[in-house]
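Q: Here is a sequence together with a model predicted from it:
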Amino acid sequence: DAQILAKLDPITGEAHILKDGKDVTPAGFGRIAAQTAKQVIMQKIRETEKEALIKEYSDLVGTIVQGTIFRIEDGIAILDLGKIHGILPPSEQVEIDEYRLGQKLKVLIKEARDSGRGPEVLVSRADPDFVIKLFEQEVPEILNGVVKIEAIAREAGSRTKMAVSSTDSRIDPVGSCVGQKGVRVQAVIQEIRGEKVDIVPFSENEAKFIAAALSPAKVTDVELNREEKIALVTVPEDQQSLAIGKDGQNARLANKLTKWRIDIKGVAGQYSADESSEKPVEKESIGPKGTSG
């Protein structure tokens, strides 16, 4: 059997094929080998750069960045985020937003991924976390941990309800988020194009929290059915439409915020006494309301 060896000059990089000690290197072999090696190396470099970019932006998931729209296709806005493209699909857009070429936008990073066409990040303006991060930018007390956002419920483009607490009894969490003359909450509202924001005080007392969640309506009584997590709420007659809200939105957001099913007493279709006559119900006192921005 013939013995075939490859010989590589470490100084020049020149390669030779030896068969039984005889040089049988094909014409142009060195050039072809060099080109192949270069292609392999460049491919590895590109893959490493892609992985590093995805890792860099994966570490930024949950943060807000600013980008510029450079293309809109099939309803998808594509943003230049500097090193990478941001993809803002219709599901992450807000109806009241108007997107146009060259527009600068703040967006929340949701995911960094390899699309097959290269690395890209999925971004959002509709996610409730977008509102949380905007408040973090405007309210130092949230960043330093004194004020905590306990819960949030959002119908993007229309209304957000947010429950806040404070670790310092001297700090009013609602007031901190609203800011002097409303300057902090207005900065957030401006960024989300006029979407309404209700900021309410969180309470470990579930009845108080449910009452606050229905703000701006005034609640006179809350009865809790803990077994089925249903709250039966009493409001003055003139407050009923306010408690329910347009198309049921206020009650619906309060439900999402508190994780309790809220039935408003005296409102047709909201509550049936027959259904709960044998269920354990306890009454609790309720506290003050929150602030609407």
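A: Structure received.
Q: Quick check: which ranges of this protein have low pLDDT?
A: Along the chain, segments meeting pLDDT under 70 span 1-2, 8-9, 11-13, 28-34, 266-293.
Q: Contact partners for Trp260?
A: 206, 210, 224, 229-231 (C-beta atoms under 8 Å, 6 or more residues apart in numbering). Just so you know, the C-beta spots here come from the backbone N, C-alpha and C atoms, and that holds for glycine as well.
Q: quick one: which of those is nearest Ser115?
A: Distance to Ser115, by C-beta to C-beta, is smallest for Lys229 among the contacts of Trp260, at 41.5 Å.
Q: ok, back up a step: in helices, which of the contacts of Trp260 fall?
A: Among the contacts of Trp260, DSSP state H puts 206, 210 in helices.
Q: State the number of residues packed around Lys265.
A: Using other C-beta atoms under 10 Å, Lys265 is surrounded by 16 other residues.
Q: Just the buried subset of the contacts of Trp260, written out for PyMOL, thanks.
A: Buried residues within the contacts of Trp260, by 16 or more other C-beta atoms under 10 Å, are selected in PyMOL with:
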select buried, resi 206+210+224+230+231
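Q: which one among the contacts of Trp260 gets closest to Gly175?
A: For the contacts of Trp260, the nearest to Gly175 is Ile210 (21.6 Å; C-beta to C-beta).
Q: thought the closest one was touching Ile262?
A: Yes. At 6.4 Å, Ile210 counts as touching Ile262 under the criterion of C-beta atoms under 8 Å.
Q: Spit out the residues that contact these two alike.
A: 231, 233, 254.
Q: Now do the same contact list for Ala6.
A: So Ala6 contacts 15-18 (C-beta under 8 Å, 6+ apart).
Q: So what sits opposite it in the bridge?
A: Ile17 (DSSP bridges).
Q: Not counting its neighbours along the chain, what's nearest Thr220?
A: Thr234 (5.1 Å; C-beta to C-beta, 6 or more residues apart in numbering).
Q: Contact partners for that neighbour?
A: Per C-beta under 8 Å, 6+ apart, neighbours of Thr234: 219-223, 265-266.
Q: so can I have TSV of these showing distance to Val65 and secondary structure?
A: Putting the contacts of Thr234 into TSV (distance: C-beta to C-beta, whole Å; DSSP: H, G, I helix; E, B strand; the rest coil) gives the following:
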residue	distance to Val65	secondary structure
Val219	40	coil
Thr220	46	coil
Asp221	46	strand
Val222	42	strand
Glu223	46	strand
Lys265	46	coil
Gly266	48	coil
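Q: just how off-centre is the longest helix along the chain within its chain?
A: Assignment by DSSP H gives helix 29-58 as the longest helix of the chain. Distance of helix 29-58 from its chain centroid, counting by C-alpha atoms, centre = their mean, to the nearest Å, is 34 Å.
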